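> I'd like to go over a predicted model; first the sequence, then the structure.
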Amino acid sequence: MPKPRHTQISIEATPYYHCVSRCVRRAFLCGEDLQTGQSFEHRRQWIEDKLHELASIFAVELCAYAVMSNHYHVVLYVDKEEAESWSRQEVIEQWHRLFSGTLFSQRYLRGDKLGPAELRVLDKNVTQWRERLMDISWFMRCMNEAIARAANQEDNCTGRFWEGRFKSQALLDEAALAACMAYVDLNPIRARIAKTPEYSAHTSVKRRIEQAQTTQSPNHTGKQASGLWPFAGNPREGMPKGLPFKLTDYLELVDWSGRVIREDKPGYIDNTTPSILGRLNIKPEQWATLTTRFEKEFKTFVGHENSVRGICESMGYKRAPGIRACKAHLP
């Protein structure tokens with residue numbers, strides 16, 4: 001039986017999560033239905049646009065994503081610090097971009113004076129909305145409900161469009177994060193619908209590459225693709241917010257990994273292994289597995305053995321799911 005979502009997500013343990021949503025039965029998210037010949041390619045843009053829209057509302061950042069024919073992947077960063085810094089008005093304004101709120105919140109934004117009792121009720125709502133605006137389940141709920149409604153309207157039908165639950169994996173350390181992001185960004189190449197990362201439509205890596213090509217300082221956080229959590233560089237004291245890698249190192253790693261995946265002999269490793277693997281202490285042979293079998297190899301938690309055991313103990317798990325794969329494939 002699947003575990004409740006609250007037993008799979010712990011912001012205290014890690015702010016990074018890999019989420020996957022799949023369509024039910026033969027429902028098409030995107031792509032072309034070979035039986036009817038109908039194309040659903042335009043829905044890829046629905047997904048990409050909605051991801052960026054919600055990221056601008058929630059205290060959740062997009063690290064990586066890929067939109068496939070009947071599912072999509074997204075790697076998210078929960079920015080709890082940002083959510084907690086929002087004022088009462090900012091929380092209400094963000095929530096009203098999603099829902100109508102309450103009578104008191106509507107009056108507050110109009111500038112009406114609220115009494116002490118009304119403010120107490122409003123503040124209780126604000127506390128709840130703040131928590132929801134940094135909640136991955138609420139992010140994915142808003143994402144999937146909007147796409148399902150639009151798809152069902154276009155298909156002139158009703159009923160379930162998505163599987164009942166989205167899959168989530170907690171990424172507990174840098175190695176797990178880098179491997180998962182590369183796995184997501186390389187999905188179109190693995191599926192043979194793109195030949196190179198820069199031509200992988202509706203992926204975060206394509207968006208990052210396009211922006212990097214327009215600047216002489218691609219690693220500068222202010223020069224990177226808008227709407228995506230920036231690469232802040234290797235971990236160091238006083239490091240700005242962002243992913244703990246250099247953008248150029250990551251793009252080199254993805255490009256190299258894509259070439260390895262496309263070799264005729266699976267697992268072939270050449271002598272141009274990017275240096276980032278050395279810093280992460282991952283062997284090239286391990287990386288080939290990580291970037292092709294991430295979902296199949298790992299369960300709810302992904303990271304070093306000690307990290308997985310630690311979070312499982314803190315969350316009351318009797319055993320650590322997927323610990324064997326973490327020991328085998330991650331340092």
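Looks like it came in fine. Numbers count the residues shown, from 1 in each chain.
> drop to CA atoms for contacts and neighbour counts, all remaining ones
Fine.
> show me the contacts for residue 254.
Each residue near residue 254 by C-alpha atoms under 8 Å, 6 or more residues apart in numbering is listed here: 182, 185, 186, 197.
> what about the strands in the protein?
For the chain, the strands defined by DSSP state E cover 16-22, 60-67, 71-78, 167-171, 301-302.
> hey, which of those strands is tucked in deepest?
strand 301-302 (a mean of 28; mean count of other C-alpha atoms under 10 Å).
> ok, the contacts of residue 254 vs residue 316, which is closest?
Among these, residue 182 lies closest to residue 316 (C-alpha to C-alpha), at 30.6 Å.
> any idea how far residue 115 is from the closest one?
To residue 115, residue 182 is 52 Å away according to C-alpha to C-alpha, to the nearest Å.
> tell me which of these two has more neighbours.
Neighbour comparison, residue 182 and residue 115: the larger count goes to residue 182, with 26 against 8 (by other C-alpha atoms under 10 Å).
> my read is that that one contacts residue 291, right?
Yes: counting by C-alpha atoms under 8 Å, residue 182 touches residue 291, with 6.2 Å between them.
> quick one: stretch 48-64 to chain centroid distance?
Chain-centre distance of stretch 48-64: 9 Å, with C-alpha atoms, centre = their mean, to the nearest Å.
> same deal with stretch 134-153?
How far stretch 134-153 lies from its chain's middle: 14 Å, per C-alpha atoms, centre = their mean.
> which other residues reach that stretch?
Outside stretch 134-153, the residues within contact range by C-alpha under 8 Å, 6+ apart are 5, 29, 46-47, 50-51, 54, 58-60, 78-80, 83, 132-133, 158-162, 166.
> quick one: buried ones out of those residues?
29, 46-47, 50-51, 54, 58-60, 78-80, 83, 132-133, 161-162 (16 or more other C-alpha atoms under 10 Å).
> so of the residues you listed, which ones are in helices?
Among those, DSSP state H puts 46, 47, 50, 51, 54, 80, 83, 132 in helices.
> quick one: which two of the residues you listed are the most distant?
Using C-alpha to C-alpha, these span at most 26.9 Å, a distance reached by 46 and 80.
> what's the mean pLDDT across stretch 249-261?
For stretch 249-261, the mean pLDDT works out to 89.
> from the chain's centroid, how far away is that stretch?
Using C-alpha atoms, centre = their mean, the offset of stretch 249-261 from its chain centre is 19 Å.
> please apply the same query to stretch 16-27.
Centroid separation for stretch 16-27 versus its chain: 12 Å, with C-alpha atoms, centre = their mean.
> with stretch 104-120 instead?
Chain-centre distance of stretch 104-120: 36 Å, with C-alpha atoms, centre = their mean.
> so how far is residue 280 from the nearest residue to residue 329 once chain neighbours are set aside?
Spatial nearest neighbour of residue 329, chain neighbours left out: residue 286 (5.6 Å); criterion: C-alpha to C-alpha, 6 or more residues apart in numbering. To residue 280, residue 286 is 12 Å away according to C-alpha to C-alpha.
> just residue 39 next, same as before
In terms of C-alpha to C-alpha, residue 39 sits 42 Å off from residue 280.
> center of the chain - which residue?
residue 75 (1.9 Å; C-alpha atoms, centre = their mean).
> mind checking pLDDT for the closest residue to residue 330 other than its chain neighbours?
Distances taken as C-alpha to C-alpha, 6+ apart place residue 304 nearest to residue 330, at 6.0 Å, with adjacent residues excluded. The score at residue 304 is 88. That number is its pLDDT.
> okay, helices next: where are they in the protein?
42-55, 80-85, 88-96, 103-110, 116-132, 136-155, 174-185, 187-190, 204-212, 247-261, 275-280, 284-297, 305-314, 323-329.
> so who does the residue with the largest distance to the centre of the chain touch?
In the chain, counting by C-alpha atoms, centre = their mean, residue 115 sits farthest out from the average C-alpha position, at 41.2 Å. With C-alpha under 8 Å, 6+ apart as the criterion, no residue contacts residue 115.
> kindly report the same for residue 82.
For residue 82, the contact set (C-alpha under 8 Å, 6+ apart) comprises residue 59.
> what separation is there between it and residue 208?
Taking C-alpha to C-alpha as the measure, residue 82 falls 23 Å from residue 208.
> for stretch 275-285, measure first residue to last.
Start-to-end span of stretch 275-285 (C-alpha to C-alpha) is 14 Å.
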